[in-house]
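**Q** The following comprises the amino acid sequence and a computationally predicted model.
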Amino acid sequence: MVFSSLRNPVFARLYTAQTISLLGDALTWVGLALLAFELAGEKSAVVLSSALTLRVTAFVLLSPLAGAIADRFDRKRIMVTTHLARMLIVGLLPFVTAVWQVYALIFALNVFNAFFTPTYKATIPQVTGENEYPQAIALSSATYQLLAVLGPGFAGAIAAFIGARQVFFLDAFSFIIAAILIFTLPGQLRVNLSEQSLRTTGRIWLDMTVCSCAVFALISCPIT
């Protein structure tokens, strides 16, 4: 059963942090849509499309680097740092007065998103056993897909109740809660020293190059 992986208290805490983080992302984009309309009016669609382009750009450029760093450093520290950074960035969004400020903050926000996502996925096998891992990864993926559909509606209801700009403060608070949950995970989340010794600097750059080439190949491949 998929939910059986939640019997593992460490994974349950990590999964809860991911769920809260995903809800925070939904709040971010609903709040951003309302903010774009406030700042740009009829051109708000252009602002949103440009923001989404910056999001994809950040992931394409930095995800390979994030994967390599996740194999070299404490993953718990990486995830806590990315959550705190996103909390600070989202906390600045209510104060923006120009479209260029939105672009700068959204790109910075997704720089840290690009580091969190691969690090989180790499952490799941570290906190689960062989029997729990398939259920854990399935539950995480299902939650991601479910909140991608239901999250905006939930976030929109909250934004309608508390206001467009105020929703970013709640968003920032969600990242604080997720960071606390991850910080309280027991011990460090590093790869084994035996595995780490095999990953030389040259090998890391090779992995990054391969990942980057794969991403750009997918993007440039024509749709048939």
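**A** Right, received. Where do you want to start?

**Q** Next, the buried residues of stretch 116-132.
**A** 116-120, 122-124, 126-128, 132 (16 or more other C-beta atoms under 10 Å). Bear in mind the C-beta positions are built from the backbone N, C-alpha and C, glycine included.

**Q** same thing with stretch 76-95?
**A** 76, 78-87, 89-91, 93-94.

**Q** what's it in contact with?
**A** With C-beta atoms under 8 Å, 6 or more residues apart in numbering as the test, stretch 76-95 has contacts from 17, 21, 24, 28, 31-32, 35, 69-70, 102, 105, 108-109, 112-113, 115-116, 119-120, 123, 165-166, 168-169, 171-173, 175-176, 178-179, 182-183, 185, 188-189.

**Q** Show me where the chain dips below the pLDDT cut-off.
**A** The model of the chain has pLDDT under 70 over residues 1-2, 187-224.

**Q** can you map out the helices along it?
**A** With DSSP state H as the criterion, the chain has helices at 9-40, 44-70, 75-92, 99-127, 133-162, 167-183, 193-196, 201-220.

**Q** and the first one, what other elements does it pack with?
**A** Read it as helix 9-40. The helices and strands touching helix 9-40, judged by 3 or more C-beta pairs under 8 Å, 6 or more residues apart in numbering; DSSP states H and E, are helix 44-70, helix 75-92, helix 99-127, helix 133-162, helix 167-183.

**Q** Which one of the ones you listed lies nearest to Leu6?
**A** Closest to Leu6 of these is helix 133-162 (C-beta to C-beta; 7.5 Å).

**Q** how far does the closest one sit from the chain's center?
**A** Put simply, helix 133-162 sits 13 Å off its chain's centre (C-alpha atoms, centre = their mean, to the nearest Å).

**Q** in that helix, what counts as buried?
**A** Those buried within helix 133-162 under the rule 16+ other C-beta under 10 Å are 133, 135-137, 139-140, 147, 151-152, 155-156, 158-159.

**Q** Farthest pair within the residues you listed?
**A** Tyr133 and Ala159 (36.6 Å).

**Q** Can you give me the end-to-end span of stretch 37-44?
**A** One end of stretch 37-44 sits 5 Å from the other (C-alpha to C-alpha, to the nearest Å).

**Q** List the buried residues in it.
**A** Under 16+ other C-beta under 10 Å, the buried positions of stretch 37-44 are 37, 39, 44.

**Q** Please tell me how far Thr19 sits from Ala104.
**A** Distance, Thr19 to Ala104, using C-beta to C-beta, to the nearest Å: 28 Å.

**Q** same question, Ala17
**A** 27 Å.

**Q** in this structure, which residue is closest to the centre?
**A** Asn113 (3.7 Å; C-alpha atoms, centre = their mean).

**Q** Next up, the contacts around it.
**A** Contacts of Asn113 (C-beta under 8 Å, 6+ apart): 25, 55, 58-59, 82, 86.

**Q** what's the answer for Leu39, then?
**A** 47, 96-99, 102 are the contacts of Leu39 under C-beta under 8 Å, 6+ apart.
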